[in-house]
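Enquirer: Quick one, structure for this:
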Amino acid sequence: MRSSLKQPRRFKRLAAIGGLAVALSFGTVSAAAGGVQVQEPSGPGLTADAPMVTSALLPDYDSEIVDQFNSANSVNHIRHLAVDIGPRLNGTPQEREGAEYIGGILKSYGFEVTLQQWGPVSTKRVAKVTSSNADLPGGPNWQMAASTSGKFTGDTGVKGQVVDAKTGQSAAEFPADTEGKIVLMDYSTTATVRNTAVVNAVNRGAIAVILAYPTGNSAPPSFTLTTPQPEIPVIGGGSAHSTWIRGLLAKGPLTLTIATNEYATPMGTNVIGIRHAVGDPTGTTAPIVMVGAHIDSVLGAPGAHDDASGNGVSLEVARVLSQYPLDKELRIGGFGGEEGGLLGAKAYVNTLTAAERARFVGEWQMDMVGTPYEPARLWALTPNGQSNYVVQEAYNAAARFGFDGLRNCRLGQSDHQAFYDAGIPSSLFIWLDYRPPTPPAVCGPTGGTYVTEPQYHKPTDTMDNISPERLQITLDVVGGAVAHNALNAVTVSALSDAGQPLAGAPVRADCGNGLRNLGTTGADGRLKAVFPHATCDFAVTVEGAVATERGVSISGDQTVKVTVDLTEPTISLTRPTGGAVYALGTATAASYRCEDNLSGVVTCVGTVPDGSPLDTSTVGFHEFTVNAADRAGNTASQKVTYQVVYPWDAYFPEEMSGKAGSAVPIKFSLGGDHGTGFFAPGYPASQPVTCDTGKPTGPAEPTKNPGNSGISYGGGQYNYVWKTDKSWSDTCRQLELKLDDGSSHFTTIRLK
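Expert: Residues are numbered from 1 along each chain as shown. Below is the predicted model of the structure:
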């Protein structure tokens, strides 16, 4: 992060980190570039020909991607930049080396990589300090300031043991064996004191001089001497260098190699990785989603937090998203020269055409995104202090994954400013002890104030200044926002077959590698989710009815409409009808059909298949049922009852006369011999009735010859002998012959 000219800056750390689940089930493989060990997910990748897996629901793509982010990978990249390469001052070979490393990693992920040179920038005079017999604290490659008053050795440098001459102001402070050694002395802000110390060291045969701040927390100083020393390198170190060297000397001899170089008006370096959209391989039309960080660090600082941390997060976002086919163009930017005035970002933005700028969805700039400094919190900062699309998308991602610690306010001073000035939505994401004028943040023309972490722009900005937990939060929030925007925005609209929106409906999708749980529709019947370039089947479930929209080609932002059939199928039952009566043995066929109002696809199952004979083989009441089901899961059922009776033919009149106490023959036919057990229990029965109206005047009672005693069969007909009672004289009596087929037959007799 670029230093303000008006105020110092520091950063802070979160006291408690909660509410974030981090997936840690990873294997380990080697990345193709830089020799860095990168942990890759152990699960299957996204492949077009993968079989559908329905045994367990996969998460939505937002969750799946965030679950793959692993800050351990980011830490590995940070370590390579800050430790293996070390300080990366703008215009030095180390800045270029950092760009090449980032580019190599991006190439291994399938990005098209460009190293962009720009400049020239101001001359840089630096010393690279290494050791052959000690592990240097903070990394093997220290960087100090090379004084123009000393010798520029080139990359070969000078090598020797180190002695401590303290202030170097008297002969007593120099060890007896100073000659041929590298002399460490305290740096003084007074020019004459500095000059005396160096002259004394040269007079005693020093081959190199290090002037380092003895106290405080200082960066390496650049200085000149009254008396030039063109024969030996003279360099300035920070207070940490002084402490570290003296600590190593306390343990035994220390050998250092000092190589001083002057890079006159060098060029700065950017690295840009581009992963073109599936449908836009030449990069001319697809929307652009960009993530940025700066490569360079200040003189003497390894820049683990400022800003190797931003690159570490960018590369992890690139790794995960490289597994998915995208319809958005993804760009990863590493910019040089941020510390010198946003030089690299400005140079890059100046290369963008008006048409290219118009394609930008946004630029998410990460600068100092993982310090353990306690007071720091995660901020989204814009040059005007106002929220914008990039900021809001970060808030949305934080809400999706349960982090409520993000805040936004006003600040420029990092590479997002260059994009903002070009009209591209951008924001700086940073862990910072930012103090707005009043809580909550009120971001006006001046915004708030801030303090920086103690290691800011110091040699102590080492791996000890990195928090994997905070890197993970940054990945989840910022990386989650970037991923969400790199994918296609799909709105699933669930409607009933009547055209009404369906709220609270579970939505699932299968894009060829398993069924995913997308969530439930809102009050408007809609659900918004993101997808890569894929062909997917969508399913919506409402009240047990499942509707699918199959083979949806997703190649951009779009709406998928799924109509859910909630209407039960209709059943048309023509035969039998309810209450229909058929004679025993009648040949008649069932007739029915079922229809679905939406799909036309329905199963229709009756007691017998449509067109098959009805059962008329036995007398009595029969049930006939038709069940229908459509493919959405709606069902319908219709049941009717029909009756099968004997083919009755009566050979007696409806009214007759006779003598009370006599036997009255009742003759009838049932279409054949059916034995004599066809009367219903309790029948035949008779009851008194009025002779003129036939209205019953008393209860019915079984005849005196129940069962079979009064019935016989012969000549194709039945003869039932009804024995009347003498007491019925001068009355009328109704006889009911009720059969086991449910039918009843009557005759009335007038008795004398």
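Enquirer: how is this protein carved up into domains?
Expert: Split into domains by automatic domain parsing, the chain comes to 1-121+268-486, 124-264, 487-511+519-564, 567-645, 646-751.
Enquirer: a markdown table for these, including mean pLDDT and mean neighbour count?
Expert: Where you see a C-beta, it was placed from the backbone N, CA and C, and this is true even at glycine. Formatted as a markdown table, the domains of the chain follow (pLDDT from 0 to 100; neighbours: other CB atoms under 10 Å):
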| stretch | mean pLDDT | mean neighbour count |
| --- | --- | --- |
| domain 1-121+268-486 | 85 | 21 |
| domain 124-264 | 97 | 19 |
| domain 487-511+519-564 | 94 | 18 |
| domain 567-645 | 93 | 16 |
| domain 646-751 | 92 | 15 |
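Enquirer: For the stretch 1-150 of the chain, which segments count as helices?
Expert: 61-68, 71-79, 93-108 (DSSP state H, counting those that start in this stretch).
Enquirer: One more: the chain?
Expert: 61-68, 71-79, 93-108, 191-203, 239-251, 309-321, 343-349, 354-358, 389-400, 416-421, 468-474, 480-486 (DSSP state H).
Enquirer: Give me the distance between stretch 313-326 and the centre of its chain.
Expert: Put simply, stretch 313-326 sits 14 Å off its chain's centre (CA atoms, centre = their mean, to the nearest Å).
Enquirer: Where do the strands of the stretch 51-200 of the chain begin and end?
Expert: For the stretch 51-200 of the chain, the strands defined by DSSP state E, counting those that start in this stretch cover 112-118, 124-131, 142-146, 158-164, 182-186.
Enquirer: Adding distance to Gly742, write those strands out as a markdown table.
Expert: Listed next are those as a markdown table, based on distance: least, CB to CB, whole Å:
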| stretch | distance to Gly742 |
| --- | --- |
| strand 112-118 | 87 |
| strand 124-131 | 110 |
| strand 142-146 | 108 |
| strand 158-164 | 119 |
| strand 182-186 | 119 |
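Enquirer: Among those strands, single out whichever gets nearest to Gly600.
Expert: Closest to Gly600 of the strands of the stretch 51-200 of the chain is strand 112-118 (CB to CB; 50.0 Å).
Enquirer: So what are the sheet partners of that closest one and their directions?
Expert: strand 268-275 (antiparallel) (DSSP bridges).
Enquirer: Cys732 reaches Ser686, doesn't it?
Expert: No - contact criterion CB atoms under 8 Å: Cys732 and Ser686 do not qualify, at 10.4 Å.
Enquirer: looking at the helices of the stretch 1-150 of the chain, which is closest to Ser322?
Expert: Closest approach to Ser322 among those (CB to CB): helix 93-108, 8.7 Å.
Enquirer: Tell me who's in contact with Ser663.
Expert: Quick fix: residue 663 is Ala, not Ser. 721-724 (CB atoms under 8 Å, 6 or more residues apart in numbering).
Enquirer: Okay, now stretch 396-414: how far is its last residue from its first?
Expert: End-to-end span of stretch 396-414 (CA to CA, to the nearest Å): 23 Å.
Enquirer: From Ala240, how far out is Met290?
Expert: 35 Å (CB to CB, to the nearest Å).
Enquirer: Centroid-nearest residue for this structure?
Expert: Centroid check for the chain by CA atoms, centre = their mean gives Asp62 as the closest residue, at 1.4 Å.
Enquirer: Would you mind confirming that that residue is in contact with Gly480?
Expert: Yes - between Asp62 and Gly480 there is a contact under CB under 8 Å: 6.7 Å.
Enquirer: any residues in contact with both of these two?
Expert: Common neighbours of Asp62 and Gly480 (CB under 8 Å, 6+ apart) are 397, 400.
Enquirer: What are the boundaries of the strands in the stretch 451-600 of the chain?
Expert: 488-496, 506-510, 515-520, 526-531, 534-542, 545-554, 558-564, 570-575, 581-583, 591-595.
Enquirer: for those strands, which one sits closest to Leu737?
Expert: That would be strand 581-583 among those, by CB to CB, at 17.1 Å.
Enquirer: Would you state the strands of the stretch 651-752 of the chain in chain order?
Expert: Counting by DSSP E, counting those that start in this stretch, the strands of the stretch 651-752 of the chain are 655-658, 663-669, 685-689, 701-702, 711-714, 717-723, 731-738, 744-751.
Enquirer: From the chain's centroid, how far away is the shortest one?
Expert: Shown here is strand 701-702, whose average C-alpha point lies 82 Å from the average C-alpha point of the whole chain (CA atoms, centre = their mean).
Enquirer: One more: stretch 225-245?
Expert: Relative to its chain's centre, stretch 225-245 lies at 53 Å (CA atoms, centre = their mean).
Enquirer: Likewise for stretch 251-263?
Expert: That offset, for stretch 251-263, works out to 50 Å (CA atoms, centre = their mean).
Enquirer: same deal with stretch 112-120?
Expert: 34 Å.
Enquirer: ok, now which ones touch Phe115?
Expert: Not Phe; residue 115 is Leu. 96, 99-100, 103, 269-271.
Enquirer: As JSON lines, those residues with distance to Ser132 would be great.
Expert: Formatted as JSON lines, the contacts of Leu115 follow (distance: CB to CB, whole Å):
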{"residue": "Arg96", "distance to Ser132": "25"}
{"residue": "Ala99", "distance to Ser132": "28"}
{"residue": "Glu100", "distance to Ser132": "26"}
{"residue": "Gly103", "distance to Ser132": "31"}
{"residue": "Thr269", "distance to Ser132": "29"}
{"residue": "Asn270", "distance to Ser132": "34"}
{"residue": "Val271", "distance to Ser132": "32"}
